[in-house]
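[1] sequence first, predicted coordinates after that:
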Amino acid sequence: MRRLMLLRHAKTEIDSPSGRDQDRRLDARGRKDATEIGDWIGRHPPSPDIVMVSPAVRAKETWEIASAAIKEHAALPEVEWVADLYGADPAQLLQIIRMASASDPKRLMLVGHNPGMHELSLALAGSGDARGRKALADNLPTSGLAVFDFAIDDWNDVAFRSGALAIFVSPKFLRQA
């Protein structure tokens, strides 16, 4: 059994001071939401063993803030900065996931960007939480977390439609609950 957690970066400023998309920072709501989703992850074990994070400023900040909240409840995972996560489409993201086979974590998290993360979530969800799948069909919002379980022993065996959506959660859903 393997668990994959897909976390979209938190809400950002519209433009960065440099004008580069990769330099966009989190805004006040994004910092708050990253804390909330990190706290949720820490309170709902098991936490990831390895986290692969896009090098974009907003993804780094999301992970740094979320991990501070996770640390209140659980041990922190190993972190890898993966340049290919920035701008990746579902096929590229699937290849990144399969690369985890080398270190073989039981639980893997990616912190990345839409549209790739949303499209990957839709492509992986072959079964699982029907209500979560319906909500996820609309959007993977900022600070949204989609958690998938796979009945496999090797990350190389992850394939589209083979995941069971365990849960889909976002700060907005948490506030509504």
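    Yep, that arrived. This one's a predicted model, so the numbers in the text were calculated from it and none came from an experiment.
[2] in contact with the residue nearest to Ile70 when sequence neighbours are not counted, which residues?
    Distance criterion C-beta to C-beta, 6 or more residues apart in numbering; nearest residue to Ile70, sequence neighbours excluded, is Gly42 at 4.0 Å. In short, each C-beta sits where N, CA and C put it, glycine included. Gly42 makes contacts with Ala69, Ile70, Lys71, Glu72, His73, Ala74, as judged by C-beta atoms under 8 Å, 6 or more residues apart in numbering.
[3] you'd agree Gly42 is in a helix?
    Yes: assessed by DSSP: H, G, I helix; E, B strand; the rest coil, Gly42 belongs to a helix.
[4] can I get the contacts of Gly42 in CSV with neighbour count and pLDDT?
    Shown next, in CSV, are the contacts of Gly42 (neighbours: other C-beta atoms under 10 Å; pLDDT from 0 to 100):
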residue, neighbour count, pLDDT
Ala69, 18, 94
Ile70, 23, 93
Lys71, 13, 90
Glu72, 10, 89
His73, 15, 88
Ala74, 15, 83
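[5] buried set for the host helix or strand of Arg31?
    Using DSSP states H and E, Arg31 sits within helix 28-43. For helix 28-43, the neighbour count (16 or more other C-beta atoms under 10 Å) marks 30-42 as buried.
[6] and which of those residues is nearest to Ile65?
    Nearest to Ile65 out of the buried residues of helix 28-43 is Ala34 (C-beta to C-beta; 3.8 Å).
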